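[1] Return a 3D structure for these sequence lines:
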Amino acid sequence: KRNGRKENRKRGDIMKRSQLYSLFSVVLVAALLFSCKRSSESESERRTSDGSVIVETGELAAVNSRSVVVSRYGRQWYQMKIVGLLNHGEIVKKGDSIAQLDPADINKYILESESNLETQLAVLEKLYVEQENKKQESESKIRNESAAFDLKKIEWEASRFES
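    This is a model prediction of the structure:
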């Protein structure tokens, strides 16, 4: 009898679990179906009060717009400070300034660039002088070696003549 009761309990537990799983599955399926239900109106279509349909598509953009390109001052162009701008809505023509950059930053950049240029020109001049010195040294070595060769040649001919 004990084994029979245990089996009945196990069967009851199994049935309760299967009923619980079934109930959970039904609720899950219902939730999925409810969430997937399509609206009669899509996001891009709307009905007005008189029943007409408005369809929204496309992109909004300014009719007359231009890109503004800032000339680069080396790698520091992004560090420049803007000290003046045109008023909003003001009409500009090609070539008009629309922003004023802080001249102190620009002048500092120009001075640094000029200083760097002078340094590099001095280095270049030094390299030219070193190259010229090496060239003269090499030419001198060639003349010395040529003279030594000629001397050895004369000595060889003299030794051949004496023999």
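
[2] hang on, residue 84 in a strand?
    Yes - read with DSSP: H, G, I helix; E, B strand; the rest coil, residue 84 is one of the residues of a strand.

[3] Identify the residues contacting it.
    99-100 (Cβ atoms under 8 Å, 6 or more residues apart in numbering). Where C-beta positions appear, they are placed from N, C-alpha and C, glycine not excepted.

[4] Dig out what it forms beta bridges with.
    When assigned by DSSP bridges, residue 84 has beta-bridge partners residue 100.

[5] Distance of it relative to residue 134?
    Residue 84 sits at a distance of 55 Å from residue 134 (criterion: Cβ to Cβ, to the nearest Å).

[6] Also residue 23?
    96 Å.

[7] Residue ranges in the protein under the pLDDT threshold?
    1-13, 35-47, 66, 68-79, 163 (pLDDT under 70).

[8] Show me the domain layout of it.
    Here the domain assignment for the chain is 1-37, 77-162, based on automatic domain parsing.

[9] out of these, nearest to residue 50?
    Nearest of the domains of the chain to residue 50, taken as Cβ to Cβ: domain 1-37 at 26.8 Å.

[10] Distance to residue 49 added to the domains of the chain, as a markdown table?
    Converted to a markdown table, the domains of the chain look like this (distance: least, Cβ to Cβ, whole Å):
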| stretch | distance to residue 49 |
| --- | --- |
| domain 1-37 | 25 |
| domain 77-162 | 35 |
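
[11] what number of residues lie near residue 52?
    Neighbour count of residue 52, defined by other Cβ atoms under 10 Å: 8.

[12] related to what we said a few turns ago, just so I know, which of the domains of the chain lies nearest residue 63?
    Among the domains of the chain, domain 77-162 comes nearest to residue 63, with 13.5 Å by Cβ to Cβ.

[13] Measure how far that closest one is from the centre of its chain, please.
    Centroid separation for domain 77-162 versus its chain: 31 Å, with Cα atoms, centre = their mean, to the nearest Å.

[14] just stretch 151-163 next, same as before
    Relative to its parent chain, stretch 151-163 has a centroid offset of 75 Å by Cα atoms, centre = their mean.

[15] list the buried ones in that stretch?
    Using 16 or more other Cβ atoms under 10 Å as the test for burial, stretch 151-163 gives no buried residues.
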